[in-house]
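Q: Need coordinates for the below:
(2 chains)
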Protein chains: 2
Amino acid sequence: MAAAVDAPEEREAARRVALVRRQMQRRRADALFVTHAPNIRYLCGFSGSNGLLVVKARSVLFFTDPRYAEQASSEVRGARVGIVAAGTLAQGAHKARVLAGATAVGFDGDRVPVAHLNTWKALFRGVRFRDASGMIDALRAVKAPEELAGIRRAVDATDRVFSAVLGLIRAGVRERDLAAEITYRHRLEGADRDAFDPIVVSGPRSALIHGRPSDRRLRNGDALLLDFGCVVDGWCSDLTRTVFIGRAPRALREAHAAVLRAQRKAIAEARPGMTGRELDGIARESLTRDGYGDQFPHALGHGLGLEVHEQPRISWASSDVLAEGMVATVEPGVYIPGTGGVRIEDDVVFRASGVEVLNRAPRELLVL
Amino acid sequence: MAAAVDAPEEREAARRVALVRRQMQRRRADALFVTHAPNIRYLCGFSGSNGLLVVKARSVLFFTDPRYAEQASSEVRGARVGIVAAGTLAQGAHKARVLAGATAVGFDGDRVPVAHLNTWKALFRGVRFRDASGMIDALRAVKAPEELAGIRRAVDATDRVFSAVLGLIRAGVRERDLAAEITYRHRLEGADRDAFDPIVVSGPRSALIHGRPSDRRLRNGDALLLDFGCVVDGWCSDLTRTVFIGRAPRALREAHAAVLRAQRKAIAEARPGMTGRELDGIARESLTRDGYGDQFPHALGHGLGLEVHEQPRISWASSDVLAEGMVATVEPGVYIPGTGGVRIEDDVVFRASGVEVLNRAPRELLVL
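A: Sure, this is the predicted structure:
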């Protein structure tokens, strides 16, 4: 750990660690155990699956196992790396006397399993472990310019994939084949992977909010709901469009118009300072006025970043306050069991006086 | 929940729940909270991401949110389904008085976060929550014939993908392109998804044990390490082969011979009744005799089933006893930083007197 901090990644890691240290001071924690992989990546750049990051007032230490030795030495920024060859990472950290002088240690109670906390308590006698749930998540919700740039790369890749996949949609094609194409084309666009399994559901199956692609073949008159996203250098995208095969049956055409109206209204009226509940309510009231109040059974959206679901939540139950720099999805939907469903989703970033839509995929009714 | 149990899936769910109830009795738990998605799928067939399954002596109840209402009604076997429209699933379960009469409730301490347990304790006053970590994992380790058949389908799909991808390997191709092909072809073979991001690393990068595919193009004299697997109806496969482009440099050819020797010896000598440590030791000693003792820094293998890493562990630190019906990987490797790595991995099932290799992909040195 050289004192000089030069490369942009080093500066970015230092900026994030400084934010965390400010929160640690407020909570009077003299150390923080970070175990959630996206939080570890956020704070030191490591992208593997097994790690323990310990943030203290004057040092940052990262522990992983020998499988990741080379990866850690090339990826980790702003932290000293320890490779733990035998035993758990916590045991390795204990041997390295990582908590010497610390008395109050924060941890992520929303994610650390009960049994892990118990082994930590047995290992680090005399230390008080304090639940600091949500601390890093709240910091991650507000995106710095470099972070937004990462999300844009993922969103652009997904937009390009949507545009390419449109050319493959026709009666006779299986849902499964379209899902395979989405995944394949994401990779060729530079994605590490899909952000989640693509949802490709057609006909009556489009009413399955989280349905899995099946062997069903597209038919004339089907709605086809495509919900997909990718991960580029750790940053996620998430896009939903609902298109029609040959013709759009009246019930679904009307649902599409109502969903689009609700989405446009929410996007037009979104402002920093609103709560998630207020923004959700704008779309929900619009759908209710159009007669679909009972057919929108999920939240309007969710934050997006190093995870595809993160802070802020935008639902009827969310008191999260939306702020400049946050990135979130806006995705109202209407589902008619036995007939089909319509969902339209874009990713937006909160600006000083509204939101900017990141996606460029057209939202108008498409009949292919 | 009809009393009659007819369909094979219903019988299978009933068999698994009966195994769990026997363990609950031994641990004097009158209810069990199951939250880990693969465990939920194992016990009731639900494949979504958000659920709470409650097993009691005479009933099984499953809670999920409205996004999964249709999916739950079509997938869930042997459990009554409750849809929780508002609040957490635990709050919904509490409203349904799911623990009426129960005093000791088991939960998975290795996975349930500290904060969740605290909310459960506040909600279900007077109930004692007992850590029952590993209970369902141990049952899942031993595969019933239907379960092994599921794994075979995934293994067969991965073998076919390996055989197809061999035809694409040549100098000039990018690691990233091969990874995209693997994912795409898995899907076309009927997989739901990859079991993990394909590891496709070439040249010196093949020494990265968990490396990510890059834009690097294959060159003459490269080792190319491919580690990939898929999920078919929930069941996983996991295969590694290391092939060579144009020619196999001597150091890596010798490493390949040593790794293959170690793998063959471990497979030939594997027996039920051995511990994971003993089986790991067979391969490790073979590599040590060949002079690679310090260059095999990971475990020999791991169980495979509804998760790609599950019980039993086969490592120098594992006291897990290997038993008939268990399925695991056998994957020794040798890594030479700056030069390259070799790993060879097959999936095996433990039989009465040895193991059967499930994969058919050739293990001999391939120069393409």
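Q: so what are the domain limits for chain A?
A: Following automatic domain parsing, chain A resolves into domains at A:8-140, A:142-357.
Q: right, and the ones you listed - which one's nearest B:A328?
A: Set against B:A328 and scored by C-beta to C-beta, the domains of chain A come closest in domain A:8-140, at 17.7 Å. Where you see a C-beta, it was placed from the backbone N, CA and C, and this is true even at glycine.
Q: Buried residues, stretch A:260-279. List them.
A: A:260-267, A:270, A:272, A:274-279 (16 or more other C-beta atoms under 10 Å in any protein chain shown).
Q: Centroid-wise, who is the farthest residue in chain A?
A: A:G126 (36.7 Å; C-alpha atoms, centre = their mean).
Q: From B:A85, how far out is the residue of the stretch 251-368 of chain A found nearest chain B?
A: Chain B sits closest to A:P297 of the stretch 251-368 of chain A, with a gap of 4.0 Å, by C-beta to the nearest C-beta. Separation of A:P297 from B:A85 (C-beta to C-beta, to the nearest Å): 7 Å.
Q: what does A:S319 give?
A: For A:S319, the distance to B:A85 equals 19 Å [C-beta to C-beta].
Q: How about A:R187?
A: Taken as C-beta to C-beta, the span from A:R187 to B:A85 is 38 Å.
Q: list residues touching both of A:P297 and B:A85?
A: B:P66 (C-beta atoms under 8 Å, 6 or more residues apart in numbering or on different chains).
Q: Between these two, which is the more surrounded one?
A: Neighbours per residue (other C-beta atoms under 10 Å in any protein chain shown) separate A:P297 from B:A85, with A:P297 holding more: 15 against 9.
Q: Looking at the backbone only, give me phi and psi for the more buried one.
A: phi -90, psi 20 (degrees, to the nearest 10).
Q: Which residues are in contact with it?
A: Neighbours of A:P297 in contact, by C-beta under 8 Å, 6+ apart: A:209, A:335, B:66-67, B:69, B:85.
Q: Just the buried residues of these.
A: A:209, A:335, B:67, B:69.
Q: Apart from its neighbours in sequence, what residue is nearest the first one?
A: Looking back up the chat, that one is A:I209. B:R67 (4.3 Å; C-beta to C-beta, 6 or more residues apart in numbering or on different chains).
Q: what's the answer for A:A179, then?
A: A:A179 sits nearest to A:P213 (C-beta to C-beta, 6+ apart), 3.9 Å away.
Q: Longest helix in chain A, please.
A: helix A:145-166 (DSSP state H).
Q: Show me which residues of it are buried.
A: Those would be A:147-148, A:150-162, A:165, for helix A:145-166 by 16+ other C-beta under 10 Å.
Q: close enough to count as contact, A:D131 and B:L117?
A: No. Assessed by C-beta atoms under 8 Å, A:D131 is found out of contact with B:L117, at 11.4 Å.
Q: tally of neighbours for A:R97?
A: A:R97, neighbours per other C-beta under 10 Å, totals 8.
Q: Report the separation between it and A:D65.
A: 19 Å.
Q: circling back: tell me who's in contact with the residue nearest to A:I209.
A: B:R67 neighbours (C-beta under 8 Å, 6+ apart): A:209-210, A:297-298, B:48, B:50.
Q: Test my guess that A:L123 contacts A:L89.
A: No. Using C-beta under 8 Å, A:L123 makes no contact with A:L89, being 11.0 Å away.
Q: who has more neighbours, these two?
A: A:L89 (21 against 15).
Q: now that one, nearest residue through space, not along the chain?
A: A:L52 (4.1 Å).
Q: With A:S73 instead?
A: A:V81 (6.3 Å).
Q: how much distance is there from stretch A:183-203 to the middle of the chain?
A: 15 Å (C-alpha atoms, centre = their mean, to the nearest Å).
Q: for stretch A:49-58, same thing?
A: The answer for stretch A:49-58 is 22 Å, by C-alpha atoms, centre = their mean.
Q: tally of neighbours for A:S202?
A: 26.
Q: what do you get for A:P8?
A: By other C-beta under 10 Å, neighbour count at A:P8 equals 9.
Q: show me what contacts it?
A: A:P8 neighbours (C-beta under 8 Å, 6+ apart): A:E146.
Q: B:F124 versus that one, what's the distance?
A: 50 Å.
Q: Could you do A:S315 as well?
A: Per C-beta to C-beta, A:S315 is found 25 Å from B:F124.
Q: neighbours of the residue nearest to A:E310 when sequence neighbours are not counted, just the number please.
A: Nearest residue to A:E310, sequence neighbours excluded (C-beta to C-beta, 6+ apart): A:G303, at 4.3 Å. Residues lying near A:G303 (other C-beta under 10 Å) number 25.
Q: what bits of chain A have low per-residue confidence?
A: Along chain A, the parts satisfying pLDDT under 70 run over A:1-6.
Q: I'd assumed A:I136 was in a helix, is it?
A: Yes. Counting by DSSP: H, G, I helix; E, B strand; the rest coil, A:I136 is located in a helix.
Q: I'd assumed A:I40 was in contact with it.
A: No. A:I136 lies out of contact with A:I40 (C-beta under 8 Å); the separation is 9.5 Å.
Q: what sits in contact with each of those two?
A: Contacts common to A:I136 and A:I40, judged by C-beta under 8 Å, 6+ apart, are A:V34.
Q: So which residues of the stretch 1-150 of chain A form helices?
A: A:8-26, A:37-44, A:69-75, A:89-95, A:114-123, A:135-141, A:145-166 (DSSP state H, counting those that start in this stretch).
Q: which SS class is A:A191?
A: coil.
Q: Now it: phi and psi?
A: According to degrees, to the nearest 10, A:A191 has phi -70, psi 150.
Q: Chain neighbours aside, what residue packs nearest to it?
A: Nearest to A:A191 is A:C230, by C-beta to C-beta, 6+ apart, at 3.7 Å.
Q: Repeat that for A:S319.
A: A:T275 (5.5 Å).
Q: can I assume the one you found is in contact with A:W316?
A: No. At 10.5 Å, A:T275 and A:W316 do not qualify as touching, with contact defined as C-beta under 8 Å.
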